[in-house]
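1. Need coordinates for the below:
(4 chains, ligands or ions: 4)
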Amino acid sequence: MTEMNIAQAVNAGLATALEDERVVLIGEDVGTTGGVFRVSDGLLARFGPERVIDTPVAESGIVGAAFGMAINGLKPIVEIQFMGFTYPGFDQIISHVARIRNRSRHRFTAPMVIRIPYGAGIGAAEHHSESAEVIYAHTPGLKVVVPSTPYDAKGLLLAAVEDPDPVVFLEPIRMYRAIREDVPDEPYTVPIGVAELVEEGDDVTLIGYGAMMKEIGAAFELLTASGVSVEVIDVRSLVPLDTETIIESIRKTGRAVVVQEAPRTAGFGAEIVAQIQEHALFSLEAPVERVTGWDTIVPLRRAEKHYMPSTEDIVQAAHRTLLS
Amino acid sequence: MTEMNIAQAVNAGLATALEDERVVLIGEDVGTTGGVFRVSDGLLARFGPERVIDTPVAESGIVGAAFGMAINGLKPIVEIQFMGFTYPGFDQIISHVARIRNRSRHRFTAPMVIRIPYGAGIGAAEHHSESAEVIYAHTPGLKVVVPSTPYDAKGLLLAAVEDPDPVVFLEPIRMYRAIREDVPDEPYTVPIGVAELVEEGDDVTLIGYGAMMKEIGAAFELLTASGVSVEVIDVRSLVPLDTETIIESIRKTGRAVVVQEAPRTAGFGAEIVAQIQEHALFSLEAPVERVTGWDTIVPLRRAEKHYMPSTEDIVQAAHRTLLS
Amino acid sequence: MFDTPLQRLTPNGDLLGESPLPLEEIRRLYQAMLSARVYDRKCSVMQRQGRLATYAQFEGQEASQIGAVAALRKQDWVVGTYRDAGAMWFHGYPWVNLILGRTGDERGGRAPDGVNVTPPSITVGGHMIHAVGTAWASRIKGDDSVSLTLFGDGATSEGDFHEAMNFAGVYKTPTIFMCQNNGWAISMPRDRQTASKTIAHKSIAYGVAGALVDGNDLLAVYEVCKQAVDRARAGEGATLIEALTYRMGPHTTTDDPSRYRTNEGVEEWAQKDPIERVRRYLESEGAWDPAWQAEVESEESDRVETAVSEAEALTPWTADEIFEGMFAEIPPHLAYQQSLLRRRP
Amino acid sequence: MFDTPLQRLTPNGDLLGESPLPLEEIRRLYQAMLSARVYDRKCSVMQRQGRLATYAQFEGQEASQIGAVAALRKQDWVVGTYRDAGAMWFHGYPWVNLILGRTGDERGGRAPDGVNVTPPSITVGGHMIHAVGTAWASRIKGDDSVSLTLFGDGATSEGDFHEAMNFAGVYKTPTIFMCQNNGWAISMPRDRQTASKTIAHKSIAYGVAGALVDGNDLLAVYEVCKQAVDRARAGEGATLIEALTYRMGPHTTTDDPSRYRTNEGVEEWAQKDPIERVRRYLESEGAWDPAWQAEVESEESDRVETAVSEAEALTPWTADEIFEGMFAEIPPHLAYQQSLLRRRP
Ligand SMILES: Cc1ncc(C[n+]2csc(CCOP(=O)(O)OP(=O)(O)O)c2C)c(N)n1
Ligand SMILES: Cc1ncc(C[n+]2csc(CCOP(=O)(O)OP(=O)(O)O)c2C)c(N)n1
Ligand SMILES: [Mg+2]
Ligand SMILES: [Mg+2]
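-> Numbering: from 1, shown residues only, chains lettered A, B, ... in the order given. Ligands and ions are numbered 1, 2, ... in the order given. Modelled structure (predicted):
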């Protein structure tokens, strides 16, 4: 066990993954500098420039080349520097990575991981604050995971590397160094497709993922202090979604708040809400509340706070569900 | 008035729009051949190669160049040949077209229309059958409209051209030549953001857009014949969504089927469902049913039918809502 | 630079310089070109009969495709497009797969084990970088396979062409970029596609070797590709080859070329037919006779017929099967959707 | 071709050949370079004080930016990046806007009316094609404005660079592509960015004029840009200019260059400083004295201070205002979201 933050846990996961000769890490500045977040620090020195590859500034090229490697027997881990820079590489992900298994009926597969730091909250410039996860969640052929703790970060990363299919691995920027916890030094996996029941409670369920788990955690404390019995679910895996865990919880509590940092309209929260009402409409005592970012560009530093879903928003929303 | 199909109505709308000297039409094969669907037939001859522009095969270039034109005073209408080919141009749309107004605080704007033939049902090859509308609907800064009739096609197109902001204009391929109706020869607009109440009824509301309106229409006939009183809403505009019309209907019927051709997970249908439960949970007599495509690549011709939401699916779903 | 395309056989079948191949091998490649043409024409006919979905003819491009693949070894990779059936087949992708694909059946996309041919790319431009990746992986794994990617003149306008070429240049991957410049990208003529003097000139932008070749000349295409393959295998990096050829047919069976081109180009290029050219040469060497030709044609015609019957005999996918290509194992949400689908009447 | 960059002023300030500009104008541009450097250094300091968000210094690139813009007329367009504050300012974008942007305030993105300078592009590569569009629109509208786009060596690897150059070539748009090759793209050195001999060579791939210039030489940059502007305005199409320069500072204030480069390059390039070079020349012409220099520096320092105070004095956006930049009119769904936001405590 070593106490580490998420950045370090991902680093540890990458180091473990690279022990497999088929794994390569490829992206802009992942080598010499160890990545703009230093997440791949030390890996170039350890595994050499053939396995830890600094690239030209060309996201489509990075994903496409990694895809070619994947269909020819390697297991590439791609890093895109920020989610806002995935868009130029989006065609490769959606048109090729996600489709080759079906297109070739299993003859060629793309067992690759696409790592994307995402989310706002650090006062960064435009394009550095994106939460476009729903685009990947909506794309058939991809799995999408989002750790919110160091333990899950390493475990989900190793599960993603092991997975025979492409996995989009989202790293909440704001959480990279926000929390520390003990992480096993040995390899282990956290299964993809299984949500975590973080807290058990009876009155209302708070559901989220990624950086929003921090706000949810704080809301949990406040609500609990005010006497509300709160259940908390960290979705962890958007695709496949662990519908069962969510529905079971709603059947018990009858109330829920779904939290997403992304813009509101057609975000992943809408899918969670849709599934809740599909499977548990008659358990609902109140409308499921969505606490979300707005349908705006994430504002720059000085007004960013107005965008971000806050602890207080979640607390208020939970109270609203408790009114009816 | 002239009787025309959707392809002709769009053609007529384009011709009207091009009367404004600031409008240019730009895309692959839009000129000499009149577009792969012949939607821009005759426009090159009429308006000349400076206004009707055939381009190299480069979607990002097309959108980006049109964007540059837009911020410098023109009103470009872009055609992307099929929705599956928008992905290479996606970064330009999401990172620039949708953002310049906010980024420059109204100093520069992108009053442009991005026309995208979309949807399956004609047995085409891969990438020719996409329904990725939710990606645009989730992108702040874009409006998204989808006509399902010749009248709306021309009217919404002209509204989109008039709009001071970028509008993604989706043309349901399967409907291009499927229906004919009288269309005014004069210019007119159909307002963006207003759904159409196509049929009034009391028992259940069918909600959809684009090519799905055909299946919904057929389902309406069957259900009506079997004695069900059916309300039908053609959403027409995904962003802004006419929430009011939808909610009002649900308050009356208490039951709904939301139909989308796109893959199920996190499709636009989920947003509609989420809004219904937000605003009218206690009016619901049954879970809102989603009839959708699956989370698969749209199958090629021989198995395509297994993917497509059908009249029968909608009828069944409506009956299910009527059970509770 | 790149002033005149390399030619080894004139349109009349006269040999210029030395043949890069022995006569027997030329006969074998001639036969392959003939087979490809039989297949291609049959597919066009079948499409008109409604038995195939949209079809993209490659008539006129046989020498570019067969000549290029002839320079490869079995373990090498071929990464091509919807118009590269000749190349794919010659590298081991069965006609029945190609036809299956064209009937609209995903199973056509599955190359036999050991055949490193990717399913044809439908989107333009995105696949070239894959051949950078496959080639790169070969090097990392320590095998000496090279990767050939085929694409058109139009594809060179996509950003992905640029990123692929640039990566190939920087990492010296063993990739052969084979641009079949057939004069058109749907309705866009080559001279409106790019202002570059030739497409071969684009190699300069990436520090990659370039070559311009008569794409209707089997021997010249083979020679240029063989050199590129040898360089690639020796670790000397990638090559961009521009093969000058012509799309004799429409863009696809849904296209009407009369809207954008006269017949002049077609007639002019008919004089430079890649198959007839080799036939004349073989004849002049006493290595061709009409009986052999007729036999090859009829055998191939039968083979294609058989492939068509096989393809058509395959039961279309059941509803269940459309879920089976998505992941190694069907995840819960797809299983749920399968259950929804099963309740359809 | 492109063997030696054009130089007009040696690092010692000796004039080679004829000056493309009269002395008075050189003094004006010298002053502008000085101002830009004052601004740039002040911003770095303020960032360390926590008053600005991440900042991207352009020290060393002043000649490339000022020299290029000096070749423009007021109505021309400037489309640049996060590192092009010097160019933007010199074309009329006020310091206060630039600083506002750097404090993290969208209002910085609003150029004054009549100033055709787009907000700095944060994503790499996507903006160059915009300068093709603005230039094209100028031609369609019948005005004779040209568009200058600035970008780095790294940006040339993005597919969008390729599509922009190709469109500019095909449509002969009046666009000037100014690549400031400053040796680095974050940690990636130029020779790993592309295997192209020079970036200027890339012009060949697009049939576009190309030029290689000493990017630390104000006069040479001006001369090359002026020629390109004149050609563009005369309808002769686009030019790709590679200006050889160096990023003296870190990539941004969050970067630590010691992880990937030694100080050698910085020291070497310090000898070729673009400002000192002109200073020496002016001095040798009797057109410089220390008092003037001190005055310019202190005036500019005050101007930047004032701009900073102005920027900081601006009340940050209210919650309501974040919705106001999205559309010409706030649509119902945003109004609804505004109402949700308003109920926040
Ligand atoms: C990304 C993308 N954009 C547009 C298309 C539509 N399209 C299909 S083929 C084609 C022209 C391609 O021309 P070229 O590369 O010269 O190949 P050819 O068809 O001549 O073999 C176009 C524009 C596509 N398939 N993919
Ligand atoms: C599309 C995109 N990818 C990656 C980045 C991250 N990034 C910011 S600057 C930069 C390097 C750019 O280098 P260059 O074009 O040479 O410009 P310079 O910073 O040297 O001025 C990178 C990779 C980005 N901003 N946008
Ligand atoms: Mg072509
Ligand atoms: Mg640079």
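2. In chain A, which residue sits nearest ligand 2?
-> Closest to ligand 2 within chain A is A:Phe85: 3.7 Å, counting by Cβ to the nearest ligand atom. Placement of C-beta: from N, CA and C, glycine included.
3. wait, doesn't that residue sit right on D:Thr123?
-> Yes - using Cβ atoms under 8 Å, A:Phe85 is in contact with D:Thr123, at 6.3 Å.
4. okay, and the common contacts of these two?
-> Common neighbours of A:Phe85 and D:Thr123 (criterion: Cβ atoms under 8 Å, 6 or more residues apart in numbering or on different chains): A:His127.
5. Help me confirm that A:Thr157 comes into contact with A:Gly13.
-> One thing to correct before we go on: residue A:157 is Leu, not Thr. Yes - between A:Leu157 and A:Gly13 there is a contact under Cβ under 8 Å: 3.7 Å.
6. For the residue in the stretch 151-300 of chain A that chain D sits nearest to, give me phi and psi.
-> The nearest approach of the stretch 151-300 of chain A to chain D comes at A:Leu300, 3.9 Å away (Cβ to the nearest Cβ). With angles defined as degrees, to the nearest 10, A:Leu300 sits at phi -70, psi 180.
7. That one contacts D:Asp105, doesn't it?
-> Yes - look at A:Leu300 against D:Asp105 with Cβ under 8 Å: they come within range, at 5.9 Å.
8. So between those two, which is more surrounded?
-> A count of neighbours by other Cβ atoms under 10 Å in any protein chain shown puts A:Leu300 above the other of A:Leu300 and D:Asp105, at 27 against 23.
9. what does chain A put close to ligand 2?
-> Selection of chain A residues close to ligand 2 by Cβ under 6 Å from any ligand atom yields A:28, A:57, A:59, A:81, A:85, A:88.
10. circling back to that earlier point, return the residues in contact with the residue of the stretch 151-300 of chain A closest to chain D.
-> By Cβ under 8 Å, 6+ apart, the neighbours of A:Leu300 are A:123, A:125-126, D:53, D:101, D:104-106.
11. quick check, nearest of the residues you listed to D:Pro11?
-> Distance to D:Pro11, by Cβ to Cβ, is smallest for D:Gly101 among the contacts of A:Leu300, at 33.3 Å.
12. Distance check, the residue nearest to the closest one when sequence neighbours are not counted against D:Ile275.
-> Nearest non-adjacent residue to D:Gly101, counting by Cβ to Cβ, 6 or more residues apart in numbering or on different chains: D:Gly108, 3.0 Å away. Counting by Cβ to Cβ, to the nearest Å, the gap from D:Gly108 to D:Ile275 is 26 Å.
13. what's the nearest residue to C:Trp184 if we skip its chain neighbours?
-> Counting by Cβ to Cβ, 6+ apart, the residue nearest C:Trp184 is C:Arg247, at 5.4 Å.
14. contacting residues for the one you found?
-> C:57-61, C:83, C:182-184.
15. Let me know whether the helix-or-strand element of chain A with minimal mean pLDDT sits next to chain D.
-> None of the helices or strands of chain A scores lower by mean pLDDT, DSSP states H and E than helix A:304-307, at a mean of 95. Yes - Helix A:304-307 reaches chain D (Cβ under 8 Å from any Cβ of the partner chain) through A:304, A:306-307.
16. Does that helix reach chain B?
-> No - Helix A:304-307 stays clear of chain B (Cβ under 8 Å from any Cβ), getting no nearer than 10.5 Å.
17. now, among the contacts of C:Arg247, which is nearest to B:Ile6?
-> Set against B:Ile6, the nearest of the contacts of C:Arg247 by Cβ to Cβ is C:Trp184 (28.7 Å).
18. separation between the closest one and D:Arg27?
-> 56 Å.
19. who's more crowded, the two?
-> Using other Cβ under 10 Å, the more surrounded residue of C:Trp184 and D:Arg27 is C:Trp184, with 22 against 18.
20. Quick check: the more buried one touching C:Arg190?
-> Yes - counting by Cβ under 8 Å, C:Trp184 does reach C:Arg190; the two are 7.1 Å apart.
21. Which neighbours in the sheet does the helix or strand harbouring C:Phe177 have, and how are they oriented?
-> Taking DSSP states H and E as the definition, C:Phe177 sits inside strand C:175-181. If you go by DSSP bridges, strand C:175-181 pairs up with strand C:147-152 (parallel), strand C:239-244 (parallel).
22. Could I get the average pLDDT for the last one?
-> Put plainly, it is strand C:239-244. When pLDDT is averaged along strand C:239-244, the result is 98.
23. So what touches that strand?
-> C:2, C:5, C:64, C:68, C:165, C:176-181, C:198-200, C:202-203, C:206, C:208-216, C:221, C:224-225, C:227-228, C:231-232.
24. let's see 7 Å
-> If you take Cβ atoms under 7 Å, 6 or more residues apart in numbering or on different chains as the criterion, strand C:239-244 is touched by C:5, C:64, C:165, C:176-181, C:198-200, C:202-203, C:208-215, C:221, C:224-225, C:228, C:231.
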